[in-house]
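Trainee: need a structure here:
(one chain, ligands or ions: 1)
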Amino acid sequence: MTATAPREEQLWSRCAGCASLLYRKRLRRNLDVCPECGEHARLGAPERLRQLVDPGSLSLLPDRLPEADPLDFVDVLPYPHRLTGARASTGLAEGVVCATATIGGHPVALAVMDFRFLGGSLGCAVGELITRAAERALDDRTPLVLITASGGARMQEGALSLMQMATVSQAIAALREAGLLTVSVLTDPTYGGVAASFATNTDLVLAESGARMGFAGPRVIRQITGRALPEGFQTADFLLRHGQVDMVVQRRSLRGRLMALLAATRAGRPARSPVPRQEPASHRERLADDGAVPARPRDPAVEGDAGTPAVRDAWDTVRMARHPGRPTTLDYLDSVFDGFVELHGDRLGADCPAIVGGVARLAGRHVMVIGHQKGHTTAELVARNFGMASPSGHRKALRLMRLAARLGLPVVTLVDTPGADPGVSAEEQGQAAAIAENILTLTVLPTPVLAVITGEGGSGGALALAVADRVLMLENAVYSVISPEGCAAILWPDRSAAPQAARALRLTAPDLRRLGVVDEVVSEPSSAAHDDPAETAHRLRAALLANLLPLLDVPPAMLVRLRRQRFRRFGANRVGVRAGLR
Ligand SMILES: [Zn+2]
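Mentor: Next up is the predicted model:
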């Protein structure tokens with residue numbers, strides 16, 4: 001094709017499926033679906049909206065947010081340069097376009113992701129814009145339609161991008177409570193943190209023909225398992241066969257199918273929701289008023305004024321967090337809690353050894369404890385799948401969280417996982433949706449939830465246990481949207497840049513405390529947790545009690561409201577967050 005003149009290149013394009021040379025106008029008339037082989041080419045958000053909504057009904061929602069580079073992230077290119085490049089090449093302000101419109105006369109709010117913009121990655125601005133679209137749906141009492149296309153969370157915004165999974169999920173939970181329909185349409189590709197939150201925790205999940213969706217990407221799974229993947233792995237038909245989507249829809253039928261679903265659900269909807277709805281306006285006013293968010297005591301351990309040791313390099317902290325001698329959840333259940341009674345099983349056919357949970361006592365009070373379990377020896381680690389939970393582990397955790405709420409028990413979670421299980425069967429069993437459901441459920445769980453990052457807090461697998469009223473973190477733990485090795489492999493020339501990636505990701509406890517992701521840092525003995533487990537347990541117990549007791553007096557509805565504010569602010573107050581890092 002090198003001989004083709006530029007003008008001709010605009011007139012013709014080559015199908016990625018069958019390599020046919022196609023007349024562009026004809027292709028566009030056919031909704032960018034190849035007339036020869038049926039390949040669905042990727043669509044930008046503006047073209048997608050044009051195809052779906054009624055002509056003349058589109059009203060774009062504001063897309064300008066304050067600039068933010070919360071981590072001052074630099075890999076081979078500074079993050080702001082990448083943003084500028086994405087804006088220039090797409091003409092979009094961010095990786096999502098939000099709007100109100102009608103589809104077949106039915107009013108909806110829409111958020112359409114655009115894969116061309118930094119891989120459709122979920123950063124704070126994208127999360128904030130989708131959340132606002134959901135809030136608009138709540139205000140207007142209309143369904144919300146999400147069109148997803150994303151590689152996952154935006155690494156350059158670190159753990160703050162991870163928080164967006166919770167922020168958007170709680171907005172979807174509010175629509176659920178209000179009896180308003182939420183629909184996601186999976187388009188190619190939908191992966192990672194987007195798959196494990198709002199792409200799959202909506203009422204209805206449609207997959208466009210040719211779309212692939214999963215939590216872990218095929219390349220990662222192949223690398224880790226060293227095995228060939230089954231034919232058609234993670235494709236729309238695979239998802240349908242494994243019970244993960246409601247239907248697979250050809251692009252030409254998508255608008256008609258949405259119209260039919262919107263009409264059907266509208267017919268059955270009561271005029272007023274039986275559940276008292278949240279008041280979005282006053283909710284936002286409260287958010288705008290900093291005084292409404294309870295002031296948190298400053299932690300001397302991170303202020304550097306209490307004789308704390310010199311700041312450790314982030315990569316050293318990563319290695320410490322992964323130390324095989326570090327106390328595990330079962331160790332803490334023995335040393336911090338009393339009378340632990342383990343509860344097993346997801347009630348769907350499995351019991352994941354990487355998640356342990358059950359009832360226990362903390363200073364005489366009954367609590368539900370749920371945590372990732374690693375091990376100290378190779379045999380233990382293998383038996384526990386290195387603390388990487390399968391979908392059945394996440395479903396066991398979900399069952400125990402709901403049980404705790406029903407029994408009025410506070411939930412304490414102990415997070416120590418490299419991430420969720422990146423395997424073929426985990427994907428077959430709906431890893432993304434299992435994580436997504438836990439995140440959503442935690443945003444509305446009517447009982448106190450206290451999370452502690454005790455070792456490794458690895459991406460969505462960690463967040464599935466860490467949407468909490470208070471999030472504590474041991475001094476030498478780490479919490480990150482991606483492993484430093486994974487980040488280095490993507491943004492640097494190779495994995496040997498993991499130490500630089502660890503620094504850029506701001507994954508240490510003091511950094512995350514400054515970013516507001518973590519409320520309190522629990523200091524470890526001067527040597528480290530693995531050298532003095534008894535002293536570590538003593539400090540953790542004191543921190544748990546100090547944080548849990550005040551929560552016990554808060555009425556459940558208030559708890560849920562404050563928890564939502566806690567996660568909502570990662571989108572809304574990014575600029576302030578950045579200032580705090582300086
Ligand atoms: Zn083709």
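
Trainee: ok now stretch 56-65, how far from the chain's centre?
Mentor: 25 Å (Cα atoms, centre = their mean, to the nearest Å).

Trainee: stretch 127-144 too?
Mentor: Worked out by Cα atoms, centre = their mean, stretch 127-144 lies 18 Å from the chain centre.

Trainee: what of stretch 380-396?
Mentor: Distance, centroid of stretch 380-396 to centroid of chain: 19 Å (Cα atoms, centre = their mean).

Trainee: separation between Gln500 and Gln156?
Mentor: 13 Å (Cβ to Cβ, to the nearest Å). Yep, even glycine has a C-beta here, placed from its N, CA and C like the rest.

Trainee: same check on Val249?
Mentor: 33 Å.

Trainee: over to Val478?
Mentor: 17 Å.

Trainee: which parts of the stretch 1-150 of the chain sit against the ion?
Mentor: When proximity is defined by Cβ under 5 Å from the ion, the stretch 1-150 of the chain lies next to the ion at Cys15, Gly17, Cys18, Ser20, Cys34, Glu36, Cys37, Glu39.

Trainee: which two of these have the greatest separation?
Mentor: Greatest spatial distance among those (Cβ to Cβ): Ser20 and Glu39, at 9.2 Å.

Trainee: these two: which has the busier surroundings?
Mentor: In this view Ser20 and Glu39 are compared by other Cβ atoms under 10 Å, and Glu39 has more residues nearby, 18 against 14.

Trainee: from His106, how far out is the more buried one?
Mentor: From Glu39 to His106 the distance is 30 Å (Cβ to Cβ).

Trainee: just give the nearest non-adjacent residue to Ser209, would you?
Mentor: Take Ser209 and drop its neighbours on the chain: the residue closest to it by Cβ to Cβ, 6 or more residues apart in numbering is Gln250, 4.8 Å away.

Trainee: and for Val76?
Mentor: Using Cβ to Cβ, 6+ apart and skipping residues adjacent in sequence, the residue nearest Val76 is Trp492, 6.3 Å away.

Trainee: give me the phi and psi for Glu342.
Mentor: phi -80, psi 140 (degrees, to the nearest 10).

Trainee: that one is in contact with Val356, isn't it?
Mentor: Yes: applying Cβ atoms under 8 Å, one finds Glu342 in contact with Val356, separated by 6.2 Å.

Trainee: name the residue in these two with the higher neighbour count.
Mentor: Between Glu342 and Val356, counting by other Cβ under 10 Å, Val356 is the more crowded of the two (25 against 12).

Trainee: then that one would be within a strand, right?
Mentor: Yes: counting by DSSP: H, G, I helix; E, B strand; the rest coil, Val356 falls inside a strand.

Trainee: ok, and the closest non-adjacent residue to it?
Mentor: Gln373 (4.7 Å).

Trainee: OK, contacts around that neighbour?
Mentor: Thr328, Thr329, Leu330, Pro353, Ala354, Ile355, Val356, Arg384, Gly387, Asp416 (Cβ atoms under 8 Å, 6 or more residues apart in numbering).

Trainee: check Pro410 too.
Mentor: Arg365, Val367, Met368, Ala404, Thr447, Pro448, Val449, Leu450, Leu548, Leu551, Leu552.

Trainee: report pLDDT for the residue sitting nearest the centre point of the chain.
Mentor: Most central in the chain under Cα atoms, centre = their mean is Met165, positioned 3.1 Å from the mean C-alpha point. For Met165, the model assigns a pLDDT of 96.

Trainee: returning to that earlier point: comparing Gln500 and Gln156, which residue is more hemmed in?
Mentor: Gln156 (28 against 19).

Trainee: shouldn't that one be in contact with Tyr79?
Mentor: Yes: Gln156 sits in contact with Tyr79 when judged by Cβ under 8 Å, with a separation of 4.2 Å.

Trainee: common neighbours of those two, please.
Mentor: Joint contacts of Gln156 and Tyr79 (Cβ under 8 Å, 6+ apart) are Asp69, Leu71, Phe73.

Trainee: closest one to Thr441 out of these, please.
Mentor: Leu71 (29.0 Å).

Trainee: in what helix or strand does Leu330 lie?
Mentor: helix 329-335 (DSSP states H and E).

Trainee: from the chain's centroid, how far away is that helix?
Mentor: With Cα atoms, centre = their mean, you get 28 Å for helix 329-335.

Trainee: and stretch 547-559, by the same measure?
Mentor: On Cα atoms, centre = their mean, the centre of stretch 547-559 falls 25 Å from the chain's centre.

Trainee: show residues contacting it.
Mentor: 362, 365, 367, 410, 412, 446-448, 450, 469-470, 472, 519-520, 562.

Trainee: just the buried residues of it, please?
Mentor: For stretch 547-559, the neighbour count (16 or more other Cβ atoms under 10 Å) marks Asn547, Leu548, Leu551, Leu559 as buried.

Trainee: could you look up the SS state of the second one?
Mentor: Translated: Leu548. helix.

Trainee: what sits against Val318?
Mentor: Val318 is in contact with Val478, Pro484, Ala498, Ala502, Leu507, counting by Cβ under 8 Å, 6+ apart.

Trainee: mind redoing it with 7 Å?
Mentor: Val318 makes contact with Val478, Pro484, Ala502, according to Cβ atoms under 7 Å, 6 or more residues apart in numbering.

Trainee: can you get me a residue count around the closest residue to the ion within the stretch 51-200 of the chain?
Mentor: Closest residue of the stretch 51-200 of the chain to the ion, Cβ to the ion: Asp188 (14.6 Å). Asp188 sits with 21 neighbouring residues when counted by other Cβ under 10 Å.

Trainee: and Asp140, by the same measure?
Mentor: Asp140: 14 neighbours (other Cβ under 10 Å).
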